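Novice: I need the structure of the sequence given here:
(chains A and B)
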Protein chains: 2
Amino acid sequence: MAGEPAAIGIDIGGTKLAAGAVGPDGAVLSRARRDTPADDVDGILAAVGDVVAELAPDGGLPIGVGAAGLVDADGAVRYAPNLEWEDLPLRDVLAERLGVPVTVDNDANVAAWGEFRLGAGREASSSMVMLTIGTGVGGGLVLDGRLVRGASGMAGEMGHMVVDAGGPRCPCGNLGCLEALASGTAIGRTARDVLRREDLPVPTALRDLDELTGKSVTAVAREGDEVAVGVLASVGWWLGVGIASLVNVLDPQLVVVGGGAMQAGELLLGPARESAASHLLGRSKRSLPPIAPAALGDDAGVVGAALLALEV
Amino acid sequence: MAGEPAAIGIDIGGTKLAAGAVGPDGAVLSRARRDTPADDVDGILAAVGDVVAELAPDGGLPIGVGAAGLVDADGAVRYAPNLEWEDLPLRDVLAERLGVPVTVDNDANVAAWGEFRLGAGREASSSMVMLTIGTGVGGGLVLDGRLVRGASGMAGEMGHMVVDAGGPRCPCGNLGCLEALASGTAIGRTARDVLRREDLPVPTALRDLDELTGKSVTAVAREGDEVAVGVLASVGWWLGVGIASLVNVLDPQLVVVGGGAMQAGELLLGPARESAASHLLGRSKRSLPPIAPAALGDDAGVVGAALLALEV
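Specialist: Below you'll find the predicted structure:
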């Protein structure tokens, strides 16, 4: 039948906690979900214990965790903008509570690993850059067939490459990070900027929206609204600038883009490809690597975390 | 005495060709130098044959070459802005002419490898980012103790990360690449921009210079000229923006900065460190890796090329 689970993968995001029992080949055999009690560390730890008990009542399976925030090489969460944890030795705390081996990495890193092994990157033999475009921008790197964690476990923060040093402020405090220009938040802000221009020459459904978000702009764009399509093209242009910078530095086999903003699909990726191609060094002499949408959806983090737990 | 040479390293730059016979430990045992006949491919190949004959009259030593330009995974030079070669299978041409194994990589990559093994990065166990700041900006990456070459051999072009999308034009054709803002060329341009401001409030020796270059501005700055010092601080600020972006993405153990512009030393690196620290993600929770000047000077390319030849 479905086979025996080999590990549990858990993806702790700012709002949702997704978990799965995963086979040795990465297949998700069963799933569990909770809301993340974002302002309550004990609540998060209890929710983890809870899904583990649900998925593996007999215990004993190794656990991989992807956690939102900066995670160091010892599996401690140093800081997370959207969760109330800080300097929390998550790996060691969970290992002691649950009595099994635990691996903890950044949520975007584990999602990248899932996509590389079983998703959009499954055909790639060695290297992949993944960008996760949601409220913010996360990322993960695979080089030489391995997840790049960095000297202190904090590699992969592609959202905080500066692409427009005089540009809009990023939640990190700096100006013009990729996250400030090519995130769900940036889609909403760009739409507001466009609507504030008095001489807007075309009618747009966006005018009727009280609150503009990446989600609402994308929904209107998918119905063909020209202004909303233009907003996504503008944000896609910035995404392409960031992708070209990464390709110039890392020359990966492919680039994968995931996250909630990928609801926009080609409305975002098409302009991103054009912009990236025009910013590629030696563009007359080489071609851009494929820029593909993520394939596993919410399973990417669960699968990647479980597979990383099996590698230790 | 000095030991037997194990390989020959050759660094083919836009103006000079530097070569050395190198021991198995990376020590340079003898050196040879030529001007690079930049507009004459046959002349370059002849010069390579010439230095090899001079350094190893008996032949037989493997040869490593660092070549200016985009070099693909097969050791072919696809394109070089300052040399007249294009789509030249340099590795295969040299191997056939000289009858020994030849390795060819980008000049900045081999310099990074030399610094990692024996120079500023010799204490690093696994990862280093190197930036080479000359007329342009080159770079090399070491991760997991290995040189990162990329899927098509073209990784490491850190000079073409976009850091200021509306900024000055780069020789590559785009706007606001790191190379356009933090290179020797950028030092000269920034000085001209400053001098064009009519209301310059302080006296400066730069006013007397007919032609401003990175070299001339640096010379004046080292004598204490405040305006020239300010120009280097401004360029150093941009260098720091680029370094922070790289650290956010790669989290290396250290960053090494080499190239002709490092004549400016701390006048450039000091402001770069401040700027990089202020752009680091999670800066309240982590510290910047060391940002150190390159240690091997012109030997970096020769040593790195030879050591790469020995690894094949």
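Novice: of all of the stretch 101-250 of chain A, which residue lies closest to chain B?
Specialist: Residue of the stretch 101-250 of chain A nearest chain B, by CB to the nearest CB: A:Gly150 (2.5 Å). (Glycine included, C-beta is placed from N, CA and C.)
Novice: let's verify that residue: helix, strand, or coil?
Specialist: Using DSSP: H, G, I helix; E, B strand; the rest coil, the structure places A:Gly150 in coil.
Novice: for A:Glu86, give me the pLDDT.
Specialist: A:Glu86 carries a pLDDT value of 84.
Novice: neighbours around the residue lying closest to it once chain neighbours are set aside, how many?
Specialist: In space, and not counting its chain neighbours, A:Glu86 is closest to A:Tyr79: 5.6 Å by CB to CB, 6 or more residues apart in numbering or on different chains. A count of nearby residues for A:Tyr79, using other CB atoms under 10 Å in any protein chain shown, gives 19.
Novice: so the residue of the stretch 101-250 of chain A closest to chain B sits against B:Leu246, correct?
Specialist: No. Using CB atoms under 8 Å, A:Gly150 is not in contact with B:Leu246, being 11.0 Å away.
Novice: need the pLDDT of the residue in the stretch 151-300 of chain A positioned nearest to chain B.
Specialist: Per CB to the nearest CB, A:Asp251 is where the stretch 151-300 of chain A lies closest to chain B, at 2.4 Å. Looking at A:Asp251, its pLDDT stands at 96.
Novice: would you check that it makes contact with B:Gly150?
Specialist: Yes. Checked against CB under 8 Å, the pair A:Asp251 and B:Gly150 is within contact range at 2.4 Å.
Novice: joint contacts of the two?
Specialist: A:Ser127, B:Gly156 (CB atoms under 8 Å, 6 or more residues apart in numbering or on different chains).
Novice: give me the angle between the helix or strand where A:Gly240 lies and helix B:226-250.
Specialist: Per DSSP states H and E: A:Gly240 is located in helix A:226-250. On the basis of axes from the mean of the first three to the mean of the last three CA atoms, to 10 degrees, helix A:226-250 is oriented at 100 degrees to helix B:226-250.
Novice: starting at the chain centroid, how far to helix A:226-250?
Specialist: Relative to the chain's own centre, helix A:226-250 is displaced by 16 Å; criterion: CA atoms, centre = their mean, to the nearest Å.
Novice: quick one: buried residues of it?
Specialist: A:227-250 (16 or more other CB atoms under 10 Å in any protein chain shown).
Novice: SS state for the closest residue to A:Leu195 other than its chain neighbours?
Specialist: Distances taken as CB to CB, 6+ apart put A:Leu206 closest to A:Leu195, at 6.2 Å, once the chain neighbours are dropped. For A:Leu206, the secondary structure call by three-state DSSP comes out as helix.
Novice: which residues do A:Gly150 and B:Leu246 both contact?
Specialist: B:Pro252.
Novice: my guess is A:Asp107 contacts A:Ala67, does it?
Specialist: Yes. Here A:Asp107 reaches A:Ala67: they are 5.9 Å apart, a contact under CB under 8 Å.
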